[in-house]
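Chemist: Prediction below, plus the sequence it came from.
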Amino acid sequence: MDFVTCDLCDDHAEDVSVVTGLSWRSFGGRSAFGGQIDTVKCFEDNSRVKEQLATPGKGKVLLVDGGGSLRNALIGDMIAENAVENGWEGVIIYGACRDVDALAQLDIGVITLGCVPIKSVRRGEGQLNIPVSFGGVTFQPGQWVYADNNGIIVADKALL
């Protein structure tokens, strides 16, 4: 996928919302990615993240509302490898990741607030494909998200 979010904002100003007020870090092997949104809402429990990324994700990006927690990683190398095998374009987590050196080698976008070496607890909690909000934006399943080193934007329709 070849795009720059700045150009998409310029060309589609009336169609995009920009995620603001958060400091994102890119950890995956792709610095730019986009696709149709699936969502997970969870807190320090990556059970639903793991389950969702184990399903076919061609052309999709998983948006995870992890409550902004940096205490437990919601994705690491094994879950990300599974996502690559299942065709996911990327994962955006309002929370943390781990295994950052391994993530950088994978053909997937991974953007989070930060990293921590502590794995997630697994209690089977979390919700799939519900609206989630952070950074001044509400993400609806089925919308489109685009992310690169300039930022993250969301639109109701595909822009590319």
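Modeler: Great, that's in hand.
Chemist: Now do Met1, the pLDDT please.
Modeler: The confidence metric pLDDT takes the value 72 at Met1.
Chemist: hang on, isn't it packed against Glu89?
Modeler: Yes - at 7.2 Å, Met1 counts as touching Glu89 under the criterion of Cβ atoms under 8 Å. C-beta here means a position set from N, CA and C on the backbone, and glycine is covered the same way.
Chemist: okay, and the common contacts of the two?
Modeler: Contact criterion Cβ atoms under 8 Å, 6 or more residues apart in numbering; residues shared by Met1 and Glu89: 33-34.
Chemist: Show me which of the two is the more surrounded one.
Modeler: More crowded of Met1 and Glu89, by other Cβ atoms under 10 Å: Glu89, with 25 against 14.
Chemist: any idea how far the more buried one lies from Cys115?
Modeler: Distance from Glu89 to Cys115, counting by Cβ to Cβ, to the nearest Å: 21 Å.
Chemist: Quick one: residues contacting the residue nearest the centre of the chain.
Modeler: The chain has Ile92 as the residue nearest its centroid, 1.5 Å off, counting by Cα atoms, centre = their mean. Residues in contact with Ile92, defined by Cβ under 8 Å, 6+ apart, are 61-64, 109, 111-112, 145, 147, 152.
Chemist: Show me the two of these that sit farthest apart.
Modeler: Thr112 and Val145 (14.3 Å; Cβ to Cβ).
Chemist: neighbour-wise, which of the two wins?
Modeler: Taking neighbours as other Cβ under 10 Å, Thr112 and Val145 compare with Thr112 leading, 27 against 24.
Chemist: Hmm, Arg98 and that one touching each other?
Modeler: No - using Cβ under 8 Å, Thr112 is not in contact with Arg98, being 9.6 Å away.
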